[in-house]
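Q: Okay, sequence plus prediction incoming.
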Amino acid sequence: MSYQVEYTSKARKDLKKLPLDITQSIILSINSIKIDPYSYVKKIKGTKNHPLYTHRVGEHRVILDIEDDRLLIIST
């Protein structure tokens with residue numbers, strides 16, 4: 001099953017602030033994990049009721065939410 005990738009407005013703003021090469025590597029990395037995201041993310045501690053996850057891309061972290069068939073990118 002492949003997950004649908006969606007970006008919040010905050011995540012879009014964060015990506016626009018980064019250099020183009022870093023933005024492209026983050027987008028490629030997110031697209032490559034959308035088939036099985038749980039193998040590539042770590043759960044953020046302290047988010048028991050509604051867990052959030054982090055995914056590292058080089059020196060950057062992507063904060064995301066995984067629901068049903070959707071990857072919601074919250075922040076980069």
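A: Perfect, thanks for sending it.
Q: Point out the other helices and strands that the longest strand seen in the chain packs with.
A: Counting residues, the longest strand found in the chain (DSSP state E) is strand 60-67. Applying 3 or more C-beta pairs under 8 Å, 6 or more residues apart in numbering; DSSP states H and E, one finds that strand 60-67 contacts helix 20-33, strand 53-57, strand 70-75. All C-beta spots, glycine's among them, are computed from the backbone N, C-alpha and C.
Q: swap the cut-off to 10 Å and go again
A: Applying 3 or more C-beta pairs under 10 Å, 6 or more residues apart in numbering; DSSP states H and E, one finds that strand 60-67 contacts strand 4-7, helix 9-17, helix 20-33, strand 53-57, strand 70-75.
Q: Tell me which of the ones you listed is the most buried.
A: strand 70-75 (a mean of 18; mean count of other C-beta atoms under 10 Å).
Q: before we move on, the earlier item: so which of the helices and strands packed on strand 60-67 is nearest Val41?
A: strand 53-57 (3.9 Å; C-beta to C-beta).
Q: Output that closest one as PDB - backbone C-alpha positions only.
A: What follows is strand 53-57, C-alpha atoms only, in PDB (Å, rounded to 0.1, in the frame of the first residue of the first chain):
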ATOM      1  CA  TYR A  53       7.100  10.800  13.800                       C
ATOM      2  CA  THR A  54      10.500  12.100  12.700                       C
ATOM      3  CA  HIS A  55      12.400  11.200   9.500                       C
ATOM      4  CA  ARG A  56      16.000  12.300   9.100                       C
ATOM      5  CA  VAL A  57      17.300  13.600   5.700                       C
END
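Q: Thank you kindly, that will do.
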